[in-house]
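Novice: how does the following fold in three dimensions:
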Amino acid sequence: MLANDPSQPDMARPKDELGEKAWDSSGDTSQLESQSDDSAMERLGRERPACFSSIWTELAFGFSIVMSQILAEYYISGSNVLIPTLIKELHIPAGSEVWPSTALSLVVTATLLIFGRLGDMFGGFVLYIAGAVWLCISSILAGFSVNWLMLLICRALQGFALASFLPSGIMILGSTYRPGPRKNIVFSIYGACAALGFFVGIFFSGLCSQFLSWRWYFFIGAILSAVVAVSSYFSIPSDYAERRGTNVKMDWVGCCLSIPGLVLFVFALAESAYAPQGWRTPYIPVCFSIGIVLLGIMVYVEGWVVENPLLPADLFAVKYMTPLVIALLFLYGSLGIFLLYAVLYMSNEMGASPMQLVAWTVPMGLGGLILSVCGGFLFHKISGTILMLISCIGYAGSGLFFAVVPDGGIYWGFVFPAMICGTVGIDISFNIANIFITTNMPKARQGLAGAVINCTLHLGIAVMLGFADIVHSETEHLGQRKSYKAVFWFQFGLAMVGALLVVFFVRIKHAKSEMTVEERTALAAESRDSNGTMDS
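Specialist: Numbering: from 1, shown residues only. Coordinates of the predicted model:
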């Protein structure tokens, strides 16, 4: 993170050239109006927020927040490597092998918007610590599972923890940092930890599968979660009192419609590839139809009936928000397919052991760190649209290299560049989306912003992975290798659709230093008042 410029003394204090009111988004912005030139905005965008007394308190805060990304990816990527061991030791029946991984994503997808609203009601501090504590408890229970059904329930419980953890983390970051280079770097480090968490998850799952016990994978996760809970309690500023003073209320109608609707819809897609007769199995079309109907009713109720919808319509009034979210659904879906099927291809077709998988995925973890940190210094200099197109090329390349790898293809010629492309895709798009959405949402909506970001990610992965499983099951007669390749071609197609949406419908400017939403609103209101006074 950026240290204070030594040429500017005592920049940790909010009382600088723009005055204390520049940091007060609720009141007078006259000083901001008179001195809001580019250099002043740039300085504000580089300063350490006043809530941190020193660089060390900011670093402790940063560690606590980025660990949510690491732990989320730890539990998503690592579980894929554990599947063969879990099938053998817990006797998971045929057709249910996918659920130890899918159960977590299903719960996260269905409850993210609700936890985002809870964050706006009670503050990110409470939700974040509660998520870390619950993740620790559910991980310990998962480690003591005596059968596959108990493990499945524990994985679902972990999903509630991540649904609380993830949006509140982005909410806290978005509320703490104002638009500018410092925010870009912080969000870049946060995004880098997604790739790092992917590697950490595979590392520990491979280590536990080959040398320890699968149970230690969950116990290690519990230890990390406990560390995060303690560090977060002491380093994250509490916003509970501030949030309780707002008038944000829960949309219970939206809750009752969104949870069963999303669960049934995603369940039908995920299970259809493994059901005895596929889509001809009676419960698959029934669940799918009911899910679609409930989601349709939710759209109507949220748009025209309730006063405080989970997804307010004005969210999508932000220019380019709608096409960006749709593009991200395709791109993140491409990512989910890559994360699962790359591991399956390397294990089943290339004969990689768990520890070989660890070594082969090092470029993704290390490359993600390098790329994201460097990107933090470039986001305010390069157009966000150009960066998104580079990201799309990365998503497409990760699938293309696996789709064309020949029988006996070498690691350095195909797997290594695929890993580099994968980290280019996720790190750039995730960071650009985070900065764009949080910057265009007021402080009171930062919980919603975090929920939208993560709901787009997990819904894209869950839905597109369900379609990928269908592609895999429908092409199994071609042989395992060709079936995997068909899935990678499907992934490539998703990435190209996302790229076309970005090319024709998305325009994102440089992530430069600028006013917050509250400051722009207050300045516009003050300008209208002054004009009205002059007219009268």
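Novice: what comes up buried for whichever strand or helix holds Met464?
Specialist: Taking DSSP states H and E as the definition, one finds Met464 inside helix 446-474. Judged by neighbour count (16 or more other Cβ atoms under 10 Å), helix 446-474 contains these buried residues: 446-472. (C-beta placed from N, C-alpha, C; glycine too.)
Novice: for stretch 330-342, same thing?
Specialist: 330-342.
Novice: list the contacts of Ser232.
Specialist: 64-65, 128-129, 132 (Cβ atoms under 8 Å, 6 or more residues apart in numbering).
Novice: wait, Val471 sits on Val487?
Specialist: Yes. Under the criterion of Cβ atoms under 8 Å, Val471 makes contact with Val487 at 5.3 Å.
Novice: which non-adjacent residue is nearest Gly336?
Specialist: Residue nearest to Gly336 in three dimensions, not counting chain neighbours: Ile461, with 3.1 Å by Cβ to Cβ, 6 or more residues apart in numbering.
Novice: any idea of the pLDDT on the one you found?
Specialist: The per-residue pLDDT reported for Ile461 equals 83.
Novice: would you check that it makes contact with Phe330?
Specialist: No. Look at Ile461 against Phe330 with Cβ under 8 Å: they stay out of range, at 11.2 Å.
Novice: where are the low-confidence patches of this protein?
Specialist: 1-47, 94-98, 178-181, 245-246, 368-369, 371-381, 440-447, 449-450, 509-536 (pLDDT under 70).
Novice: just give the nearest non-adjacent residue to the residue nearest the centre of it, would you?
Specialist: What sits nearest the mean C-alpha location of the chain, by Cα atoms, centre = their mean, is Asn454, with 4.0 Å. Nearest in space to Asn454, with sequence neighbours left out and distances taken as Cβ to Cβ, 6+ apart, is Leu166 at 4.4 Å.
Novice: which ones are touching the residue nearest to Gly336?
Specialist: With Cβ under 8 Å, 6+ apart, Ile461 has these contacts: 105, 332-333, 335-336.
Novice: adding secondary structure, write the buried residues of stretch 330-342 out as JSON lines.
Specialist: Shown next, in JSON lines, are these (DSSP: H, G, I helix; E, B strand; the rest coil):
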{"residue": "Phe330", "secondary structure": "helix"}
{"residue": "Leu331", "secondary structure": "helix"}
{"residue": "Tyr332", "secondary structure": "helix"}
{"residue": "Gly333", "secondary structure": "helix"}
{"residue": "Ser334", "secondary structure": "helix"}
{"residue": "Leu335", "secondary structure": "helix"}
{"residue": "Gly336", "secondary structure": "helix"}
{"residue": "Ile337", "secondary structure": "helix"}
{"residue": "Phe338", "secondary structure": "helix"}
{"residue": "Leu339", "secondary structure": "helix"}
{"residue": "Leu340", "secondary structure": "helix"}
{"residue": "Tyr341", "secondary structure": "helix"}
{"residue": "Ala342", "secondary structure": "helix"}
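Novice: looking at those residues, which is nearest Leu112?
Specialist: Tyr332 (13.0 Å; Cβ to Cβ).
Novice: surely the closest one meets Thr456?
Specialist: Yes. Between Tyr332 and Thr456 a contact is recorded at 6.4 Å, counting by Cβ under 8 Å.
Novice: shared neighbours of these two, anything?
Specialist: Common neighbours of Tyr332 and Thr456 (Cβ under 8 Å, 6+ apart) do not exist.
Novice: please name the nearest non-neighbouring residue to Cys255.
Specialist: Nearest to Cys255 is Ile114, by Cβ to Cβ, 6+ apart, at 5.4 Å.
Novice: quick check: the one you found touching Ile259?
Specialist: Yes. Ile114 sits in contact with Ile259 when judged by Cβ under 8 Å, with a separation of 7.4 Å.
Novice: tell me which of these two has more neighbours.
Specialist: The neighbour comparison of Ile114 against Ile259 (other Cβ atoms under 10 Å) goes to Ile114, with 21 against 18.
Novice: now that one: how far from Tyr300?
Specialist: In this view, Ile114 and Tyr300 are 19 Å apart by Cβ to Cβ, to the nearest Å.
Novice: contacting residues around Ser145?
Specialist: 90, 151, 154, 215.
Novice: try 10 Å
Specialist: 86, 89-90, 100, 151-155, 214-215, 218 (Cβ atoms under 10 Å, 6 or more residues apart in numbering).
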